[in-house]
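*Asks:* Attaching a predicted model along with its sequence, questions to come.
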Amino acid sequence: MPLFNAFGFTDEQKLMRQSLLALAEQHLPVEKIRQLDRDAGWPTEAYQALAKGGWLGLPYPEEYGGLGGSYKDMAILLETLSYHYACLGTTYMTSAIYAGLQLLYNGSEHLKQTYMVPMIKGDIYIAFALTEPQTGSDAASIKTNAVRDGDDYVIRGQKWFITSAHVADYIVLVVKTDPSAKPAHDGFSMFLVDAKAKGVSIRPIETMGRHTTHTNQIFFDEVRVPARNLIGEQNRGWKILMRGLNLERMAIAACGAGNAQKAIDIARDYATQRIQFDRPISKFQVISHKLADMRIKAEIARLVTYRTAEMMDAGYDTRMETAIAKVVATDNDFECAHIGMQVMGGAGFSMEHDMQRLFRDSRLGPIGGGSNEIQRNIIAKLMGL
């Protein structure tokens, strides 16, 4: 059992974590994870098990078949899934959080009943597409556009680094509907697009890590989308996008906290079993201090994540706190994997052990979801600097 404790959890939250960990271990055993990482596979069985257990509905109201969970519940779920396998947490939050909650918060009743409810049941998967080849950190400069044509919009453009788009049935797509808007983000809109529609083509991007939920580029060539698939109001997409991105940072922090704890467990188990100079290497202070440093970093990641989630549940403006949590948790996650590699030496560098995968997977954290440099810009601006 991992070292992270359950202080401050309700009995229901403690049971939730135990149930999720048991589900993940049953439907995604270690050998299956290694196979998916090698083959760039997707955890279909585990995802469907989450759907069958009702977990995809955790953040959704009961009236739509959800569980009405809190932000702290979401943090517990994502930390637990990512402790088992980082990409399992990402698989969950891409559809159920990034994309699906845009439909809940801003979609019409038609979109909710036709797409969101089936998503909660696990019948469809929805990806989220914002980033473009020339617009990563500078999201306001996107070029993909939609033009009204009768009862449809016609979409042209390209998206880049889109997680799990290769398995998506639909895509929540951020586009520009008013290219002359000043400032530029006043011309943004969101649409739900059929990933199999004519003119949509999806190509994988080969990356260092995150092979299971690998990223993709998407091309939109004269793609026709019904006007009823507009999410929210035309040209008001930026404001509703910001609410989603704020939640995304907390979610990424929770995933980082879980992955960091897994790195500790792997390194600790290795260090207590590896014998050098007639004793386990964990008995050498230089190694035990590295493990202690990992524990400190993982615990700090957890503390800042749960504090932020509790503030969100209390209705606070958490723009600064989510940015801080994202920076701290993802930086600490990578540092834990980095230290863990050093503790294990050549074994950590070997593909026969899992530490190299955690190292590769954790490196995305400080880059994706708004780089940690951008998060620091947000923090500085909110400080009045």
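*Replies:* Happy to help now that I have it. Numbers count the residues shown, from 1 in each chain.
*Asks:* From here on, just use CA atoms for contacts and neighbour counts.
*Replies:* Fine.
*Asks:* quick one: average confidence on stretch 89-105?
*Replies:* Averaging the model's pLDDT scores along stretch 89-105 yields 96.
*Asks:* for stretch 211-220, same thing?
*Replies:* 94.
*Asks:* For the chain, just list every one of the strands.
*Replies:* For the chain, the strands identified by DSSP state E occupy 126-129, 145-149, 152-163, 170-176, 188-194, 200-204, 215-226, 230-231, 275-276, 279-280, in order along the chain.
*Asks:* Residue 85 is nearest to which of those strands?
*Replies:* For the strands of the chain, proximity to residue 85 was assessed by CA to CA; strand 152-163 is nearest, at 15.9 Å.
*Asks:* Give the partner strands of that closest one in its sheet and their orientations.
*Replies:* strand 145-149 (antiparallel), strand 215-226 (antiparallel) (DSSP bridges).
*Asks:* Distance from the last one to the middle of the chain?
*Replies:* Just to be clear, that refers to strand 215-226. Its chain's C-alpha centre and that of strand 215-226 lie 22 Å apart, by CA atoms, centre = their mean, to the nearest Å.
*Asks:* Of all the residues in that strand, which ones are buried?
*Replies:* Neighbour-count burial for strand 215-226, counted by 16 or more other CA atoms under 10 Å, picks out 215-220, 222-226.
*Asks:* again, but for the first one
*Replies:* Judged by neighbour count using 16+ other CA under 10 Å, the buried positions of strand 145-149 are 145-147.
*Asks:* Just send the residues you listed back as a markdown table, with distance to residue 124 and pLDDT too.
*Replies:* What follows is those, written out as a markdown table (distance: CA to CA, whole Å; pLDDT from 0 to 100):
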| residue | distance to residue 124 | pLDDT |
| --- | --- | --- |
| 145 | 25 | 95 |
| 146 | 24 | 96 |
| 147 | 27 | 96 |
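*Asks:* quick one: which of these is nearest residue 111?
*Replies:* residue 146 (18.7 Å).
*Asks:* how about the helices in the stretch 51-200 of the chain?
*Replies:* Read by DSSP state H, counting those that start in this stretch, the stretch 51-200 of the chain holds these helices, from start to end of the chain: 71-84, 86-93, 100-106, 109-111, 117-121.
*Asks:* Tell me the helices and strands packed up against the fourth one.
*Replies:* It stands for helix 109-111. In terms of contacts (3 or more CA pairs under 8 Å, 6 or more residues apart in numbering; DSSP states H and E), helix 109-111 is packed against no helix or strand at all.
*Asks:* what's in contact with it?
*Replies:* The contact list for helix 109-111 (CA atoms under 8 Å, 6 or more residues apart in numbering) reads 103, 229.
*Asks:* In it, which residues are buried?
*Replies:* By neighbour count on 16+ other CA under 10 Å, the buried set for helix 109-111 is residue 111.
*Asks:* Average pLDDT for that helix, rounded please.
*Replies:* Summarised as a single mean, pLDDT over helix 109-111 is 97.
*Asks:* any idea how far that helix is from the chain center?
*Replies:* Centre-to-centre, helix 109-111 and its host chain are 25 Å apart (CA atoms, centre = their mean).
*Asks:* quick one on the thing from earlier: would you turn the helices of the stretch 51-200 of the chain into TSV with distance to residue 242?
*Replies:* Formatted as TSV, the helices of the stretch 51-200 of the chain follow (distance: least, CA to CA, whole Å):
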stretch	distance to residue 242
helix 71-84	17
helix 86-93	16
helix 100-106	11
helix 109-111	20
helix 117-121	22
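*Asks:* Which among these is found nearest to residue 130?
*Replies:* helix 100-106 (12.8 Å).
*Asks:* Remind me what the closest one packs against, helices and strands.
*Replies:* Using 3+ CA pairs under 8 Å, 6+ apart as the contact criterion, the secondary-structure elements in contact with helix 100-106 are strand 230-231, helix 237-273.
*Asks:* Quick one: closest of those to residue 325.
*Replies:* helix 237-273 (5.7 Å).
*Asks:* Let me see the mean pLDDT of that closest one.
*Replies:* On average, the pLDDT along helix 237-273 is 93.
*Asks:* Any idea how far that helix is from the middle of the chain?
*Replies:* When distances are taken as CA atoms, centre = their mean, helix 237-273 is centred 8 Å away from the chain's centroid.
*Asks:* That helix to strand 170-176, inter-axis angle?
*Replies:* Between the axes of helix 237-273 and strand 170-176, defined by axes from the mean of the first three to the mean of the last three CA atoms, to 10 degrees, the angle is 130 degrees.
*Asks:* Residue 13 touches residue 74, doesn't it?
*Replies:* No: with contact defined as CA atoms under 8 Å, residue 13 does not count as touching residue 74 (10.2 Å).
*Asks:* which of these two has more neighbours?
*Replies:* Counted by other CA atoms under 10 Å, residue 13 and residue 74 do not tie: residue 74 has more neighbours, with 21 against 16.
*Asks:* Make sure the more buried one is actually in contact with residue 56.
*Replies:* No: counting by CA under 8 Å, residue 56 is not a contact partner of residue 74; they are 10.3 Å apart.
*Asks:* out of the buried residues of strand 215-226, who's nearest residue 267?
*Replies:* Taking the buried residues of strand 215-226 together and measuring to residue 267 by CA to CA, the closest member is residue 215, at 28.4 Å.
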